[in-house]
Every structure is written in structure tokens, then in C-alpha cells.
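In: Return atomic coordinates for the entry below.
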Amino acid sequence: MTADSDSRALGAFLKARRAQLTPQECGLPETDSARKVAGLRREEVAQLAAISVDYYTRLEQGRVRASVPVLTTLARALRLDDDQQRYLYELAGRSDAHPRRRRSAQRLRPAMRRLLDQLTETPALVLGKRLDILAWNPAATALYTDFAVLPANRRNYLRLLFTNPVVRQLHQDWAHDAREAVAALRMEAAADPDDPDLAQLVGELSVQDPDFRTWWAEHRVNSASYGTKHYRHHLVGDLTLDCDTWTSPDGSGQRLMILTAESGSPSHDALRILTSWTTRQPTSDRTENLPR
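Out: From the prediction side, this is the model:
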């Protein structure tokens, strides 16, 4: 094949593949408007892959050569299996750049588990890459939501902040907290910009929430290691909590997020009441579906 024919074949493959997918399969919201084409629209694929619509359009039209990072995010957005990924790379003339292997699961460190077990009146979460929630204690369940009922691959702090009504309404200043969380994810993205799971998360939230699209485009960064959270809980009312995040020294990227209140304060008393209502249960680390 010539370079031109390869480009046309790549475009045809992309077009055919997106026609095979439904918005529901890709986590996109349903719309009432009738679809002129089967499957996904170009703009939906572009958003899922975190690339511009113009760039994706030129790819389908064979007017631009895809880079390896773009191929990686497209493979994830279009739900390609291993054979389809190899075919995609071949068509793009990138057969020397093998698709990234499926990443193994993030596993909770034993030391983090022990810390969670010992924090009985303090809400605490263990966050992994992309702000995935790897584990939590009963106090965190009482404050936020029942993480155990969520599919493992949906337990992500940022995703819940934007898409879970209970978690969203908990934050008195949701816009401030959500924007800071987006900036924290931006900081993480610099460490692994080609992460296809990060691209999928960004793509899904970009489609679902205009605020996320705006804030992600700002390129603000924030280490988010400490701060103050203002919550309004439906059971105990207003809570002002200090939020501190401690990074594991082993290079795993795991962080322990702890929420505390000043001793003797109304928030401290409310937090004690809230956690006293929670039946003690084992800390969970069901991460079998969470890639590295």
C-alpha cells in the first residue's frame, strides 16, 4: 500500500468502528435528538479521546498522520481489542510502536490498610492514579457515599464529584472544590500523559459536563496536598474539615486522604455523631478492575 492508501484505509477503519458502537457502551449521556449516522458521532469520538474534532476529522479523511499517543487514546475510546489495536497501528504506519499492554490492577499497600483500620472516627480514603479510590474506611462511607455498591472501575474521586448527585451536593462550594480536583488531575497527567485510562476519564467527563471541559482547558495545576473542605451533610448539617493528603514513600503513587475537625468544634462533634451511626465494617480494597 502507498501512504495515501494507508491513510484512506485508516480513515475507513475509524469510521467503521465508531459506527459499531453505541453512546451507552461508551458511557455517553442519551439525547433526544435523532442520529443521522449509526453509532458514535465524530465529535463524540474526539471528546472520548481528548482530541479536537478538527484533528479527528482530518484523521478520518486521511489528511494527517496520527501520533502514537493519539492512537493509544483512540484505541481506548473505540474499545479496540488487541487484534484491532495492532491493525490500527499497522494502518497508521506505527507498527514499530506496539500498543501498550493492559495495565495490572492497582493494589492497596498493607501499610495503607492498617492506617485505615486504625482511623475509626476520621474519614479517610486511599487514592491511586487518576484519583481512583482504592480503599476507604467506614467513616468515609458515612460522609460521602457507599463506595462498595459502585463498580470498581467507577470508583474515581473526580468522576463522583461531577456525576454523583449525593457527592456533588455534599460540597457547599462545589465549583471551587471541583475546579481544584481538575487541577490535581492535570498535575497527575503530566506524569503519564499517554495513559489511555486517563484519556477515557477526561473524554467521558468532557462530554458529560461543560464545567469540566472549561476547567480542563485552563491547564491549571495543583498538588492538592492540603486544604479546607466545607460540607453540608444531610444528617448532621454543616461540617468544616481539614483535608490532608499524604503520599506513600514507595513510589506507588498511592495517597492517604484524611479529613479532620478541630477538637471541641461543632464540626468535630457532628463528625463523631455521624461516624457513631456507622456500623463498623472491614476496609475494602476491591481494585481488580482498576488498571495501573
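
In: contacts for stretch 47-66?
Out: For stretch 47-66, contacts defined as CB atoms under 8 Å, 6 or more residues apart in numbering pick out 4, 7-8, 10-11, 14-15, 26, 28, 40, 42-43, 45-46, 70, 73-74, 76-77, 92-94, 199-200, 202-204, 206-207. C-beta here means a position set from N, CA and C on the backbone, and glycine is covered the same way.

In: Put the alpha carbons of that stretch into CSV.
Out: The C-alpha trace of stretch 47-66 is given here as CSV (Å, rounded to 0.1, in the frame of the first residue of the first chain):
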residue,chain,number,x,y,z
GLN,A,47,-14.2,14.0,23.1
LEU,A,48,-13.7,10.5,24.4
ALA,A,49,-10.1,10.6,23.0
ALA,A,50,-9.5,14.1,24.4
ILE,A,51,-8.5,15.4,20.9
SER,A,52,-10.1,18.2,18.8
VAL,A,53,-12.9,17.4,16.4
ASP,A,54,-11.0,19.0,13.6
TYR,A,55,-8.0,16.8,14.2
TYR,A,56,-10.1,13.7,14.3
THR,A,57,-12.0,14.7,11.2
ARG,A,58,-8.7,15.1,9.3
LEU,A,59,-7.6,11.6,10.5
GLU,A,60,-10.8,10.1,9.1
GLN,A,61,-10.2,12.0,5.8
GLY,A,62,-6.6,10.8,5.6
ARG,A,63,-5.2,14.3,5.8
VAL,A,64,-3.0,13.9,8.8
ARG,A,65,-0.8,11.2,10.3
ALA,A,66,-1.7,10.0,13.8
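
In: For that stretch, buried residues please.
Out: 47, 48, 49, 50, 51, 56, 57, 58, 59, 60, 62, 66 (16 or more other CB atoms under 10 Å).

In: Now render those residues as a markdown table, adding pLDDT.
Out: As requested, these are arranged in a markdown table below (pLDDT from 0 to 100):
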| residue | pLDDT |
| --- | --- |
| 47 | 87 |
| 48 | 88 |
| 49 | 88 |
| 50 | 85 |
| 51 | 89 |
| 56 | 93 |
| 57 | 93 |
| 58 | 92 |
| 59 | 91 |
| 60 | 90 |
| 62 | 87 |
| 66 | 86 |
